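Chemist: Kindly generate the corresponding structure for this input.
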Amino acid sequence: MADLFAPAPSETADAASVPLADRLRPQRLEDVVGQEHLTGPEGAIGRMVAAGRLSSMILWGPPGTGKTTIARLLADAVGLRFVAISAVFSGVADLKKAFAEAREHARMGHRTLLFVDEIHRFNRAQQDGFLPYVEDGTVTLVGATTENPSFELNAALLSRAQVLILNRLDGAALETLLARAEELEDREIPLTADARAAMIASADGDGRFVLNQVETLFSVQIDEPLDPAGLAAFLHRRVAVYDKDREGHYNLISALHKSLRGSDPQAALYYLARMLTAGEEPLYVLRRLVRFASEDIGLADPQALVQCLAAKDAYEFLGSPEGELAIAQACLYLATAPKSNAAYKAQKAAWKSARDTGSLMPPKNILNAPTKLMKQIGYGKDYAYDHDADEGFSGDNYWPEEMRPQTYYEPVDRGFEKRIGERLAYWEELRAKKR
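Modeler: Sure thing, here's the model as predicted:
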């Protein structure tokens, strides 16, 4: 189960054998980082603790944001007996046992906080089984889920529990965890400043993940701080190399690709012939041509991809040798088409942003709100319907609040992309007027 951690003395004799994350387990709610909107004096949890009375709740948030830790500390804060079960490993018998024990302890004046991890994994009937015990106070239910409660939990259960949303940990919160790990270990993490930032970015807001990465770094002798490239090499498995017995195969496909990119249809046709006459699998060549159509031509000529897929269909219909003419036709079309790698570069840049920014929430106004809960928290509010706007363009902001708008796709001034560039410029001009 995913927790957040702050320095605490180890309870075991052999502290070195205990995972770093467990040795950094918080002892107080105020030590949990990144969730001050809930645990602070004005937060829902802070207010409940101050009043000494908890209501049942669902903690909804990404992995590694402190759901389990908060539940455990809540029980300690208000003097409740803490019982934890996981919906992954528990069934009806386990639930019945937990409820029976809670009822026995209630008779002796000891109330129970029942923490259910991955509560969304219980089916509808099992979720209904919680209702009588929550209603009569046998247990105070604290459920944890990474899934949207609106879709995964019964409406009856949701009506009896408060949904509290945990945030993914931002850079400052993750940096706090790194500092606490360094304090506990009495040494610095062997990373340059850039590598440290890269590790925080790769954590995607998950506190346990980043601490596991730190523990890996502390587990070996590193003489010089790692830079980002060194960190990536250290924390990821090496990629297997190609079979060197097929070097000629890769040389020829490389030559074909480069000839196509260089708009030399004669050389491209030569290398295509070399491969096919040598017995290369035609469908392999076609897969590479399809890839080239997207990578090196893209929207400069959208028909390039269509031509390649049509050649694939023709070859599968005719077979060899008749179908090979369709492959040659696709090859010539690609070699003579206007070239652009704008789509390829845009995809790479967008994928990098996605990895770097992780699970940032889109603006709530552009999200659908099919449930009452989602409407209450602002989903779909004030959405600007573009078809109702002048020119069919609202100029709204579609980026997460924590992220500035990015430019990934920059069309070239060739082929069809020249028209696309004009269109983008027109929209940008409209957007500027609406700001």
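
Chemist: Output stretch 151-160 as CSV, restricted to C-alpha atoms.
Modeler: Extracted in CSV, the C-alpha atoms of stretch 151-160 (Å, rounded to 0.1, in the frame of the first residue of the first chain):
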residue,chain,number,x,y,z
PHE,A,151,-17.8,5.2,-11.3
GLU,A,152,-16.5,2.6,-9.0
LEU,A,153,-18.5,2.9,-5.7
ASN,A,154,-22.1,2.4,-5.0
ALA,A,155,-24.2,5.6,-4.7
ALA,A,156,-25.5,4.3,-1.4
LEU,A,157,-22.0,4.0,0.0
LEU,A,158,-21.0,7.4,-1.4
SER,A,159,-23.9,9.0,0.3
ARG,A,160,-22.7,7.8,3.7
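
Chemist: quick one: buried residues of it?
Modeler: Residues of stretch 151-160 classed as buried: 152-154, 157-158 (neighbour count, 16 or more other C-beta atoms under 10 Å). For the C-beta atoms, the positions are set from N, CA and C on the backbone; glycine is no exception.

Chemist: contacting residues around it?
Modeler: 56, 58, 119-120, 124, 127-128, 130-131, 134-135, 143, 145, 149-150, 371, 373 (C-beta atoms under 8 Å, 6 or more residues apart in numbering).

Chemist: These in strands, which ones?
Modeler: Within these, residues falling in strands by DSSP state E are 58, 143, 145.

Chemist: Let me see the confidence value for the second one.
Modeler: Among the per-residue scores, residue 143 holds a pLDDT of 96.

Chemist: Now for it: which residues touch it?
Modeler: 57-59, 115-116, 119, 153, 161.

Chemist: In helices, which of the buried residues of stretch 151-160 fall?
Modeler: Among the buried residues of stretch 151-160, the members found in helices (DSSP state H) are 152, 157-158.

Chemist: ok, so of those residues, who is nearest residue 410?
Modeler: Nearest to residue 410 among those is residue 152, at 40.4 Å by C-beta to C-beta.

Chemist: on that earlier part again, so which of the contacts of residue 143 wins on neighbours?
Modeler: residue 59 (29 neighbours; other C-beta atoms under 10 Å).

Chemist: show me where the stretch 151-300 of the chain has strands.
Modeler: Secondary structure of the stretch 151-300 of the chain (DSSP state E, counting those that start in this stretch): strands at 162-165.

Chemist: Now tabulate the ones in helices among the buried residues of stretch 151-160 in JSON lines and tack on pLDDT and distance to residue 351.
Modeler: Shown next, in JSON lines, are those (pLDDT from 0 to 100; distance: C-beta to C-beta, whole Å):
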{"residue": "152", "pLDDT": "88", "distance to residue 351": "28"}
{"residue": "157", "pLDDT": "94", "distance to residue 351": "38"}
{"residue": "158", "pLDDT": "94", "distance to residue 351": "36"}
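
Chemist: Just put these in JSON lines and tack on distance to residue 98.
Modeler: As requested, these are exported to JSON lines (distance: C-beta to C-beta, whole Å):
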{"residue": "152", "distance to residue 98": "21"}
{"residue": "157", "distance to residue 98": "16"}
{"residue": "158", "distance to residue 98": "21"}
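
Chemist: now, which of those sits nearest residue 405?
Modeler: For those, the nearest to residue 405 is residue 152 (32.2 Å; C-beta to C-beta).

Chemist: where's the closest one relative to residue 118, distance?
Modeler: For residue 152, the distance to residue 118 equals 10 Å [C-beta to C-beta, to the nearest Å].

Chemist: quick one: common contacting residues for the two?
Modeler: Contacts common to residue 152 and residue 118, judged by C-beta under 8 Å, 6+ apart, are residue 145.

Chemist: coming back round to it: from the buried residues of stretch 151-160, which is closest to residue 274?
Modeler: Distances from residue 274 to the buried residues of stretch 151-160, taken as C-beta to C-beta, are shortest for residue 152 (55.9 Å).

Chemist: For residue 282, see how far away that closest one is.
Modeler: 47 Å.

Chemist: try residue 21
Modeler: Residue 21 is 53 Å from residue 282, by C-beta to C-beta.

Chemist: likewise residue 107?
Modeler: Taking C-beta to C-beta, one finds residue 107 at 77 Å from residue 282.

Chemist: Can you pick out the residue with more neighbours from these two?
Modeler: Taking other C-beta under 10 Å, residue 107 and residue 282 do not tie; residue 282 has more neighbours (21 against 7).

Chemist: Test my guess that that one contacts residue 323.
Modeler: Yes - assessed by C-beta atoms under 8 Å, residue 282 is found in contact with residue 323 at 7.2 Å.

Chemist: re the thing from before, Throw the buried residues of stretch 151-160 into JSON lines and include distance to residue 277, thanks.
Modeler: Shown next, in JSON lines, are those (distance: C-beta to C-beta, whole Å):
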{"residue": "152", "distance to residue 277": "57"}
{"residue": "153", "distance to residue 277": "62"}
{"residue": "154", "distance to residue 277": "65"}
{"residue": "157", "distance to residue 277": "67"}
{"residue": "158", "distance to residue 277": "67"}
